[in-house]
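In: Everything below, folded, please.
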Amino acid sequence: MKKLLKNTLVLAVALILLVGCSGNGESGDGVQTLTLAHGGALDSHLHEGALKFQELVEEKSNGQIKVQVHPNSELGAEREAAESVQSGSIDIALLSTGPMGNFADKVNALDFPFLFTDHKHAEEVLDGEVGEEISKQLEEANFKNLYWIDNGSYHIATNSKPIREFSDLAGLKLRTQENQIQIDTVNAFGSSATPIPFSELFLSAQQGIVDGQGNSLAVLIPQKYYEVHDYLTVTNHMYSAGMILMNNDKFNSFPEDLQQVLLEAGKEAGTHQREFVQKLEQEYKDTAIENGMEIIEDIDLAPFKEAVKPIYKKYEDKYGEIHKAIQQ
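Out: The predicted structure is shown next:
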C-alpha cells in the first residue's frame, strides 16, 4: 500500500512539473513560452509571417522567449481568437481588421471600399500617424499591435456565375466578415451580405449557402477555394490589413529589453510577410487558372465606386477625419 501511494505521489509530481513547463507561462529554466494563433493554412502568408516572427523572437531573445504557432484556426476563428488574446488565454494572434472593429471602432475606418490607391499607399498610412492612432485605441482594449501586416486586396470569387459587370452581382449571397462596413459594401453592390466565420466558409460555399465571397488571392489560393469557386473577378475593392496582436498585459509583463525584442521581431516579420504576399500575387493567379478557375480582369469599376459613395456619407461623422488623413 505504501509503495502504491509513493508511486502515485511521484507520478502526480511529475505531471505537475510537466504541465508547469508546457503551454503559456514560464518554465523552470526561466524560458517564457508564448502561444501564437492564426487562421491560415501551412503554406499561407499568415503562416509565413508567424514562422518568421517565431524565428526572430527566439533568436533576438537568445532563447528567453519561445513561440508556439497554431495555424488553421486551431484555437478558434478570428473573432474567437481576438477575444482570447484580449482575455489572455492566447498570447498573440495574426488577425485581419475584419473582426477588430468590435473591440476598437477606429479599425473599421480601414475597411472602406476603394480607400487606398494600392498596397504601398496602405503601408504608408499604417506605418504613419493613422496607424499609430488606431494602435493606441487597440491598446486601450488590451491589444498590443506589434506590427501591421498585409492580407492582400479583395476580389470577388463566385461559385458558378461569372461577374463580368456590376449588374451581375444582383441577388447573389456573398459572404462577409462580421464587419458592418463590409456588410454595407456587399449590399451596395446589389448582393446580399452573409456574415460567416472563415472557419465555416469553405463548407458554406461547397453547400451553396453562399454564392461567393470577397477575399484576396493570398487567402483564396492556399485554402484551395478554386475547388468551390469557378470564377474570380479582379476588383481590388478593399485592401485587407492585418495585425500581429499581443495581449497588452502580457506584453507589459516583460522587461523593457524583451519588449523591444517583440517589437523588433514584429516589424521585421511583418515587413517580410508583406513582401511575401506581393511577390506571390501573380503565382496565385497562375495556380487558380491551372486549377480551373477563370480570372476576369479589366472590368469597368466605375459603377462599383459610384455605388459605395453613400457608405462614406453614412459614416462621415465617425470616420471622416481619418479618411481625410488617409487621402492626404
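
In: Every contact and neighbour count from this point should use C-alpha atoms.
Out: Noted.

In: What's opposite the most centrally placed residue in the chain in the beta bridge?
Out: What sits nearest the mean C-alpha location of the chain, by CA atoms, centre = their mean, is Ser96, with 2.6 Å. Assessed by DSSP bridges, Ser96 has beta-bridge partners Gly242.

In: Local confidence estimate at it?
Out: Listed pLDDT for Ser96 reads 96.

In: Need the distance between the two termini of stretch 169-176.
Out: Distance across stretch 169-176, first residue to last, is 14 Å (CA to CA, to the nearest Å).

In: which residues are contacting it?
Out: 163, 182-183, 186, 189-196, 201, 209-214 (CA atoms under 8 Å, 6 or more residues apart in numbering).

In: List the residues that contact Val234.
Out: Under the criterion of CA under 8 Å, 6+ apart, the contact list for Val234 reads His155, Ile156, Ile295, Ile296, Glu297, Asp298, Ile299.

In: Pull the number of nearby residues for the fifth one.
Out: I take that to be Glu297. Here the neighbour count serves as a burial measure; for Glu297 (other CA atoms under 10 Å) it reads 12.

In: element containing the closest residue to it other than its chain neighbours, please.
Out: Residue nearest to Glu297 in three dimensions, not counting chain neighbours: Val234, with 5.3 Å by CA to CA, 6 or more residues apart in numbering. For Val234, the element it lies in under DSSP states H and E is strand 231-247.

In: Alpha carbons only: can I get that strand in CSV?
Out: Presented in CSV, the C-alpha positions along strand 231-247 are these (Å, rounded to 0.1, in the frame of the first residue of the first chain):
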residue,chain,number,x,y,z
TYR,A,231,-14.7,32.4,-61.2
LEU,A,232,-12.6,35.3,-59.7
THR,A,233,-13.3,38.9,-60.8
VAL,A,234,-10.3,41.2,-60.1
THR,A,235,-11.8,44.3,-58.4
ASN,A,236,-9.3,45.3,-55.7
HIS,A,237,-12.2,46.8,-54.0
MET,A,238,-10.8,46.6,-50.4
TYR,A,239,-7.3,46.5,-49.1
SER,A,240,-7.2,44.0,-46.2
ALA,A,241,-4.8,45.0,-43.5
GLY,A,242,-3.9,42.7,-40.6
MET,A,243,-2.1,42.9,-37.3
ILE,A,244,0.3,40.9,-35.1
LEU,A,245,-1.7,41.4,-31.9
MET,A,246,-0.5,40.6,-28.5
ASN,A,247,-2.3,40.7,-25.2
